[in-house]
Structures are given as C-alpha cells and as structure tokens.
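Chemist: quick check, what structure comes out for this input:
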Amino acid sequence: MTDWYGICRRAAEDVQAVLREMPDPAERARVVGQGEGGDETSAIDEAAERVVVARLEAEGGDFTLVSEELGIRAARDASATYVVLDPIDGSINAKRDIPFFSLSIAVADGPTMGGVWFGFVYDFGSREEWVAYRGRGAETDGGVELHAPPCDRIELLSMEATRTELVARHAPALAPLAKRVRVMGSLALSLCHLAAGRVDGVCSLRPIRSVDVAAAQLVLGESGGFVDLIDGGPLDAAPLDLEGRSRIVAARSREHYEQIAAALR
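Modeler: The predicted model follows:
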C-alpha cells in the first residue's frame, strides 16, 4: 500500500530545499508563465511544483494529478486515484518571505471532493503538519488530535481571498457576527487553524478551486468542524478540477456557518 504520509513529508522537505535555494523575494516573484488555473505562475510556484510532482510520480504509483500550475494529468492506466496538489498555498506570502504559506496534498478515490480520504498540509513558517484520514480523525505534530468543538460566538473570523474591494463590500454584513478578523493569506492553513480551535470561522471572499481546499477540508471535517460551498451544490459533489469555483465558508458549527454564509450572500 502506498505510504502517502511518508511521500508528503518528503515532498515538504523537497520544497524546503527549493526555498533555501531561492531566498531572494524578487527571484521568487519572477513571472515565468501562466498556470492552467488561469493565474500567473511565479518562479517559486513552478520550482515547488516541479519537485513535488517528481516526488509523487517516483513514489505514488499511478494516479490522476490535479495541480495548480500543470493542470490535470490523467492516470496512465485505469487507476481511480486522484492526487490534488497546491505546491504553495499562499504564494504572495511565499514571494515576500512572510512565513505563512503551505504545501497541500489530498488523495482521493474518485473525481469529487467526497472521494478525498487523505489530506496533508504543511506550514513552512511554523513547520507544523496537519494530517487527516477519512473516518479516522485529524491530527497535528506529535499525534495531537484535533477537535473543533462548537463555540458560543465568533470571536475570530479568518478571511481569505481578500482583495481590498471585497473586504470593503462584505465587512459591513460580517461586522455584527464577528468580533475580530484575521487576514493571514493561506486558505488551507486558515482551515487547519479552525480545526485546532485557534479561530472560530473562515470564509473566502472570492471563488476558490479544489486545489485550495481539498486537503484542508478533510482536516477540518475530521476535527468536527463544518465546511461547505455557498455558491453551488454541496462540497462533497464538487469536482476535483481547476474549473469549478465557489466561495467557501467554514465554522465550528452549522449554525455559525449559516450565519456567515448568509452575510456573504
């Protein structure tokens, strides 16, 4: 059986080496093309993806790859396994050497989010890793189990995909719900922080893709948190591709999810 956890840990080490080799923010931010997801590809994005994909292909067997820059590479044979990769979630932070960005890898047994059975997120700033197996719970470093019990109020709300105009548009409706906000710059890590109870809710102010959340949504779900789309069908039915996009809301309870989602709508 493929040791996905071991592969992901080694992939994180591969990206660490890339970061050491490319310490200059200007070099990291150099535009080298356009990714299949439609965004500009920077040198750090390309280099990180290259080493992670090499690791996955060398050790992961046959699978369909869904990746931020390369797009979709079909399995060689009839494998039903999907690997969903975001080599650097929080690219702007990585380019500017702000220590809050992550590697995100999810493994699924089918082409939708509901098929994700393994999730791995690695924080290159704190060096924390977040791991989840479907039906077996989620944990962070040292095997510490993650729990996101319901809370009475939303004291801290993490907002992601936060262009200034989007913050200005949605802040008035969110103000009565959340006492304080945090804008950190990595949706995957914000969802993991919710799984650990460090924040009380997370929302994306613009539509996101499966690569942004495939691993972290499993971490959160296995911790007891609630996460869903607000612009389409249920999250479990979302395709593992680069085309489907929706805003996402997560909270420690369905009630708080509904409140945040209603405010964003």
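Chemist: what separates Asp228 from Pro150, distance-wise?
Modeler: As judged by Cβ to Cβ, to the nearest Å, Asp228 and Pro150 stand 16 Å apart. Quick note: C-beta positions are derived from backbone N, CA and C, even for glycine.
Chemist: the two: which is more packed in?
Modeler: Asp228 (20 against 14; other Cβ atoms under 10 Å).
Chemist: may I see the buried residues of the helix or strand hosting that one?
Modeler: Element membership for Asp228 (DSSP states H and E) is strand 226-229. Of all the residues in strand 226-229, those buried under the rule 16 or more other Cβ atoms under 10 Å are Phe226, Val227, Asp228, Leu229.
Chemist: contacts for the very next helix or strand once past it, please.
Modeler: Using DSSP H and E, the next helix or strand after strand 226-229 towards the C-terminus is strand 248-251. Strand 248-251 is touched from outside by 154, 187, 191, 194, 200-204, 208, 213, 217, 220, 225-230, 235, 257, 259-261, 264, with contacts defined as Cβ atoms under 8 Å, 6 or more residues apart in numbering.
Chemist: ok, now with 7 Å
Modeler: 191, 194, 200-204, 208, 213, 220, 225-230, 257, 260-261, 264 (Cβ atoms under 7 Å, 6 or more residues apart in numbering).
Chemist: partner strands of that strand and their direction?
Modeler: If you go by DSSP bridges, strand 248-251 pairs up with strand 201-204 (antiparallel), strand 226-229 (antiparallel).
Chemist: now tabulate the ones you listed in a markdown table and tack on mean pLDDT and distance to Phe101.
Modeler: As requested, the strands paired with strand 248-251 are exported to a markdown table (pLDDT from 0 to 100; distance: least, Cβ to Cβ, whole Å):
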| stretch | mean pLDDT | distance to Phe101 |
| --- | --- | --- |
| strand 201-204 | 96 | 16 |
| strand 226-229 | 95 | 20 |
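Chemist: nearest to Val31, of these?
Modeler: Of all the strands paired with strand 248-251, it is strand 201-204 that lies closest to Val31, at 24.0 Å by Cβ to Cβ.
Chemist: and the helix or strand following that closest one, what does it pack against?
Modeler: For strand 201-204, the following helix or strand on the C-terminal side (DSSP H and E) is helix 210-223. Helix 210-223 sits against strand 64-67, strand 82-89, strand 102-108, strand 116-123, strand 129-133, strand 137-140, helix 187-195, strand 226-229, with contacts defined as 3 or more Cβ pairs under 7 Å, 6 or more residues apart in numbering; DSSP states H and E.
Chemist: between those, which one is closest to Arg76.
Modeler: For the helices and strands packed on helix 210-223, the distance to Arg76 is smallest for strand 64-67, at 9.6 Å, taking Cβ to Cβ.
Chemist: for that closest one, the averaged confidence score.
Modeler: Strand 64-67 carries an average pLDDT of 96.
Chemist: now swap in stretch 115-128 and tell me
Modeler: Mean predicted lDDT for stretch 115-128 stands at 97.
Chemist: helix, strand or coil: sort out the residue nearest to Gly225 when sequence neighbours are not counted for me.
Modeler: Residue nearest to Gly225 in three dimensions, not counting chain neighbours: Ala148, with 4.0 Å by Cβ to Cβ, 6 or more residues apart in numbering. Here Ala148 is recorded as coil under DSSP: H, G, I helix; E, B strand; the rest coil.
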